[in-house]
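> Got a sequence here, can you model it:
(one chain, ligands or ions: 2)
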Amino acid sequence: MKCGFCSYEFDESDGKQGCGGCPGGCHSIHCPRCNYKNPLEPHFFKTIRSIFTDKGDSK
Ligand SMILES: [Zn+2]
Ligand SMILES: [Zn+2]
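Numbers count the residues shown, from 1 in each chain. Ligands and ions are numbered 1, 2, ... in the order given. As a prediction, this is how the structure comes out:
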């Protein structure tokens, strides 16, 4: 994934998850470089998007 702040590309497993410093629990991945809190994209969101992409608008 790519950090939305510094554009640093890193693997999701390389980012810091569950930092314990975010209110309400950490559900984001912190950039290992600048510690920016990158929101995690929910899985169903990707699925829905792929469905729309697959269907296309063939008319
Ligand atoms: Zn960053
Ligand atoms: Zn956090």
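> drop to CA atoms for contacts and neighbour counts, all remaining ones
Will do.
> Enumerate the residues of this protein near ligand 1.
Taking C-alpha under 5 Å from the ion as the measure of proximity, the chain contacts ligand 1 at 3, 6, 31, 34.
> Going by distance to ligand 2, which of the residues you listed wins?
For the residues of the chain next to ligand 1, the residue nearest ligand 2 by C-alpha to the ion is residue 31; the value is 9.9 Å.
> that older thread, could you identify the buried members of the residues of the chain next to ligand 1?
When the residues of the chain next to ligand 1 are checked for burial by 16 or more other C-alpha atoms under 10 Å, the buried set is 3, 31.
> Let's have the residues of the chain next to ligand 1 in CSV, adding secondary structure.
As requested, the residues of the chain next to ligand 1 are arranged in CSV below (DSSP: H, G, I helix; E, B strand; the rest coil):
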residue, secondary structure
3, coil
6, coil
31, coil
34, coil
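> Contact partners for residue 30?
Contacts for residue 30 (C-alpha atoms under 8 Å, 6 or more residues apart in numbering) come out as 15-17, 19, 36-38.
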